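Undergrad: Here is a sequence with its predicted model. Questions after.
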Amino acid sequence: MDFEPGTLLKDINSPVDLKKLKESDLEQVCKELRQYIVDVVSVYGGHFAASLGVVELTVALHYVLNTPYDQLVWDVGHQAYGHKILTGRRDVFYTNRVYNGISGFPKRGESEYDTFGVGHSSTSISAALGMAVASHYKGENDRQHVAVIGDGSMTAGMAFEALNHAGIEKSNLLVILNDNCMAIDPNVGALKEYLTDITISKPYNRFRDDIATVLTKISQIGPDALGLAKKIEKSIKGTLLKNSNLFESLKFRYFGPVDGHDVKRLVKIIDELRDIPGPKLLHCITVKGKGFALAEKDQTKWHAPGLFDKITGEIKKAVSDKPIAPKYQDVFGHTLVELAEINSKIMGITPAMPSGSSMNIMMKAMPSRAFDVGIAEQHAVTFSAGLATRGMVPFCNIYSSFMQRAYDQVIHDVALQKLNVVMCLDRAGIAGADGPTHHGAYDLAYMRCVPNLQVAAPMNEEELRNLMYTAQLEDRGPFVIRYPRGQGVMPDWRRPFKEVKVGKGRKICDGEDLAVLSIGHIGNEVVKASISLNSEGIYPAHYDLRFIKPLDEELLHEVFRKFKKIITVEDGCIQGGMGSAVLEFMADYNYTANILRLGIPDRFVEHGEQNQLWAECGYDAGGIIAAVKKFSVGHKTSTMAG
């Protein structure tokens, strides 16, 4: 589908073209850029509100800076749609997040303007500081290094670690804080309240502009006057606003707050900041969803709304005559409330993903027992561990790929101490259009090697409920439940709770000649494959392991005694995953069999719909059918993935 850019935007194929325009043209460029994002995302989907909120900042940065020589890092990367459009990707922007299209995040391999891959939050200051130090070492002291950090990313510990280091390096670094009071959901915590205090402090903001003019004139007199101006500036900020020296105490020059939607003012400020040496922080106030009224009003809903009518704002949803199975995350959210009503010790914890994980259901029903701790996965896990030491049963819900950031805490603070923390890993396996930064490829492998953990994956919604019920029973210990993004398979999912015996799988169907072992939701693809194979007179047995730790050894002994051909299927990496666990079992007990492993290959899988990527990796129903037929001919122990 063709999208017609505005009269100015159509001629901008790089920042060089943008710089040819008059400063008076920039407001029109912003208007056209914002409209182009609306036009494309409404038809093809993607993140939405975040990029609308930084349109003026994006235009100003590329207008003033000499990108890509000047290094620009976006954090989180879903703010960078305008950046992509202005840096040569306008005509392919409609392929954003589409299979074989451009990435939804800045990606080094995609463009020289994408200086750093930024799918996870709070990395920009560290990365930009590394770039700045390297440039200084190489004598490139005219090169600018800018980290645009927003959408809650400043709440993560890594951002504070980077600020602490940057303050002593004296490198040419500019941190732009895009302060919109939002992540996906509203920001939380003391930092948010502190920034709000700065924003609404009328004495500070009224006097700031007046004193800035005076200080600029003083600083132009000479080196001694410059030092005096800095002292006066610091004293004034400390006097006018209590605790206003947070950033300056870290040896950053603080500027702001400024209107992040005044493009002419931003151009002037950024141009002036280029000439100020050392670490600087520019505090910009923006509105997430700016320019699209509905997105401004409900910023969480419009973070990534899917397809919508850009005129009416109606979000388009699939319509079906058949009952629709719920999303796994919603089953989690509703089930957690049910369990919390039964067990007063249950609490819910999530790092800045209340709506993404459906923890918002408990936060609404039981606000004193559910916590959004900000983008702070490490803290979320250890906070949960602390709760567990006092007899609570915390359900800590973190996306699988984000749990990678808290791995030490899982080992040291939970597993080592045998604490009853229930870690629910949403978006496990192939996550879809967000791509390799969000695929939950590694949790089966990185969790099963940790002592004391119990690691399970439900095949359907009823099993998710029962595993959650089992995990909160008395003295259960550390428990991990992983489940995928998207819908399950059971419209009729609200069923009475049943305890699941830990470490026990189940036989889905008996068969001849060959056995297929699966774990988790992907087992439903095995069921589809079996139906098709049965119609051709091929009858593989199917076993659902359910637990990767502890393994159901009784079930595996049955499989190896009966079958000499075995296929393992998992929506996770085959290196160290469930298939590897089965091979280890075979070696430990001196069995002999031909084993074919299906799963995520030993490479980073790009973005696309889940079913497209399952097919690419060879473990959707079609891939399983092909593997069964091929393997039946007689292969030795091998791997099949991609």
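TA: That came through, no problem.

Undergrad: wait, Asp443 sits on Cys573?
TA: No. Using C-beta atoms under 8 Å, Asp443 is not in contact with Cys573, being 9.2 Å away. In this view, the C-beta of every residue, glycine as well, is placed from N, C-alpha and C.

Undergrad: Can you show me the strands along the stretch 201-350 of the chain?
TA: Along the stretch 201-350 of the chain, the stretches classed as strands by DSSP state E, counting those that start in this stretch are 253-259, 280-285, 346-350.

Undergrad: how about TSV for these, with distance to Gly104 and mean pLDDT added?
TA: Listed next are the strands of the stretch 201-350 of the chain as TSV, based on distance: least, C-beta to C-beta, whole Å; pLDDT from 0 to 100:
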stretch	distance to Gly104	mean pLDDT
strand 253-259	28	92
strand 280-285	23	94
strand 346-350	22	98
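
Undergrad: export those strands to TSV and tack on distance to Ile102 and mean neighbour count?
TA: As requested, these are exported to TSV (distance: least, C-beta to C-beta, whole Å; neighbours: other C-beta atoms under 10 Å):
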stretch	distance to Ile102	mean neighbour count
strand 253-259	31	19
strand 280-285	26	22
strand 346-350	30	26
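
Undergrad: which parts of stretch 544-553 are buried?
TA: For stretch 544-553, a neighbour-count test (16 or more other C-beta atoms under 10 Å) marks Asp544, Leu545, Arg546, Phe547, Ile548, Lys549, Leu551, Asp552 as buried.

Undergrad: per-residue pLDDT, the first one?
TA: Model confidence at Asp544, given as pLDDT, is 98.

Undergrad: could I have stretch 607-623 exported to CSV, CA atoms only?
TA: C-alpha atoms of stretch 607-623 as CSV (Å, rounded to 0.1, in the frame of the first residue of the first chain):
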residue,chain,number,x,y,z
HIS,A,607,10.6,-10.6,13.8
GLY,A,608,7.3,-11.7,12.4
GLU,A,609,4.0,-13.4,13.4
GLN,A,610,4.5,-16.3,15.8
ASN,A,611,3.1,-18.9,13.3
GLN,A,612,5.5,-17.5,10.6
LEU,A,613,8.5,-17.9,12.8
TRP,A,614,7.5,-21.3,14.1
ALA,A,615,7.3,-22.4,10.4
GLU,A,616,10.6,-20.8,9.6
CYS,A,617,12.2,-22.7,12.5
GLY,A,618,10.5,-25.9,11.5
TYR,A,619,8.3,-26.7,14.5
ASP,A,620,4.8,-25.6,13.6
ALA,A,621,2.4,-28.4,12.6
GLY,A,622,3.7,-28.4,9.1
GLY,A,623,7.3,-28.7,10.2
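
Undergrad: quick one on the thing from earlier: now the strands of the stretch 201-350 of the chain as JSON lines including distance to Ile398?
TA: Listed next are the strands of the stretch 201-350 of the chain as JSON lines, based on distance: least, C-beta to C-beta, whole Å:
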{"stretch": "strand 253-259", "distance to Ile398": "32"}
{"stretch": "strand 280-285", "distance to Ile398": "29"}
{"stretch": "strand 346-350", "distance to Ile398": "7"}
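
Undergrad: Can you say which of the ones you listed is nearest to Glu110?
TA: Proximity of the strands of the stretch 201-350 of the chain to Glu110 was assessed by C-beta to C-beta; the nearest stretch is strand 280-285, lying at 25.9 Å.

Undergrad: can you give me the angle that closest one makes with strand 253-259?
TA: 20 degrees (axes from the mean of the first three to the mean of the last three C-alpha atoms, to 10 degrees).

Undergrad: Near Ala318, how many residues? Count them for me, please.
TA: If you count neighbours by other C-beta atoms under 10 Å, Ala318 ends up with 7.
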